[in-house]
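K.L.:
sequence unknown, structure follows:
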């Protein structure tokens, strides 16, 4: 559904040339929900704007929804939907008017636009809103209306920019359900950016991580957590004098990475800790180290981001357009 090779985007400023995107390769298969993540200023918004024909690439090539991005941008636009972060509705316009007008802009007749619009209103749990002004809708209803607008042309590929930004937890969970249904019931491929790592974990079949304009990791959420971070393990020792012996045991374990040793506690990462702990316990016992407690925490996508980029997902940009 998306195949990009060597996409770049650079900007000329008084201070020189800024490379916002540096040779990005992307593959998205039909029917996937793919999350495109990165710290602020990493290049994700610029990349998404190129894929949706809103920005011309400086170099590189891409095929989006079966059409060449450079040679046939009009066909690309006809075969994708786009849900912008800030929404696209007029506050005093009626919901039905927005849907029909958007359908007409996509080349549909008024009758077909109305038919599709009413069907989408029902599918997205917006019954009773057709004649309401968009400004009277709740935040969650407005985001579902934005999705309806993006689907009015029945695209096989939907781009979503921060789909749940600003929503309360209940509205976010409700919108997640609708996004899953786009894939499961309609077969729509979804390419989304988000700043919520729990959202990416819950929704996405695969994740692409971009930093400083380059893809630095890709894979399923579980694979990334397993390969990049490992499990976080904390050992509490009964005797502080055993710290040196415990540290030596950890150093002998090839996949253990010590993060902190302070007081009576050692913290380290260890892939597949559940399988490795019996060996660790035996080695500690042989070294005469007595444990007071142990805690094992499965890695999160926050751990992945810190490991890959050294920054949290919402950290400030580093002089790079997003």
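P.N.:
Looks like it came in fine. For clarity, every value in this text was computed on a predicted model and none was experimentally measured.
K.L.:
use CA for all of it now, contacts and neighbours both
P.N.:
OK.
K.L.:
quick one: the helices in the stretch 1-150 of the chain?
P.N.:
Assigned by DSSP state H, counting those that start in this stretch, the helices in the stretch 1-150 of the chain fall at 44-51, 73-78, 95-105, 110-123, 139-151.
K.L.:
again with the stretch 151-300 of the chain
P.N.:
Using DSSP H, counting those that start in this stretch, helices in the stretch 151-300 of the chain cover 169-186, 197-203, 221-224, 243-251, 273-286.
K.L.:
can you list those helices in TSV and add mean pLDDT and distance to residue 125?
P.N.:
What follows is the helices of the stretch 151-300 of the chain, written out as TSV (pLDDT from 0 to 100; distance: least, Cα to Cα, whole Å):
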stretch	mean pLDDT	distance to residue 125
helix 169-186	91	9
helix 197-203	90	19
helix 221-224	87	29
helix 243-251	91	54
helix 273-286	89	43
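K.L.:
looking at those helices, which is closest to residue 257?
P.N.:
For the helices of the stretch 151-300 of the chain, proximity to residue 257 was assessed by Cα to Cα; helix 243-251 is nearest, at 7.9 Å.
K.L.:
Could you check how far residue 135 is from residue 178?
P.N.:
21 Å (Cα to Cα, to the nearest Å).
K.L.:
between the two, who's got more neighbours?
P.N.:
Per other Cα atoms under 10 Å, whichever of residue 135 and residue 178 has more neighbours is residue 178, with 18 against 15.
K.L.:
Hmm, that one is touching residue 124, no?
P.N.:
Yes: using Cα atoms under 8 Å, residue 178 is in contact with residue 124, at 6.9 Å.
K.L.:
which other helices and strands contact the lowest-mean-pLDDT helix or strand in the chain?
P.N.:
None of the helices or strands of the chain scores lower by mean pLDDT, DSSP states H and E than helix 301-309, at a mean of 74. Packing partners of helix 301-309 (3 or more Cα pairs under 8 Å, 6 or more residues apart in numbering; DSSP states H and E): helix 197-203, helix 221-224.
K.L.:
gap between the last one and the chain center?
P.N.:
Taking Cα atoms, centre = their mean, to the nearest Å, the mean C-alpha location of helix 221-224 is offset from the chain mean by 13 Å.
K.L.:
hmm, back to that, could you point out which of the helices of the stretch 1-150 of the chain sits nearest residue 200?
P.N.:
Per Cα to Cα, nearest to residue 200 of the helices of the stretch 1-150 of the chain: helix 44-51, 14.5 Å.
K.L.:
which parts of stretch 110-125 are buried?
P.N.:
Within stretch 110-125, the residues scored as buried using 16 or more other Cα atoms under 10 Å are 113-114, 116-118, 120-121, 124.
K.L.:
Show the average pLDDT along it.
P.N.:
In this model, stretch 110-125 carries a mean pLDDT of 95.
K.L.:
Contacts made by that stretch with the rest, please.
P.N.:
Applying Cα atoms under 8 Å, 6 or more residues apart in numbering, the contact partners of stretch 110-125 are 96, 99-104, 127, 129-130, 144-145, 148, 152, 178.
K.L.:
out of those, what pair is the most spread apart?
P.N.:
Farthest apart among the contacts of stretch 110-125 by Cα to Cα are 104 and 178. That separation is 24.6 Å.
K.L.:
Bridge partners for the residue nearest the centre of the chain, pull those for me.
P.N.:
Computing the C-alpha centroid of the chain and ranking residues by Cα atoms, centre = their mean puts residue 35 first, at 3.2 Å. Beta-bridge pairing for residue 35 (DSSP bridges): residue 192, residue 207.
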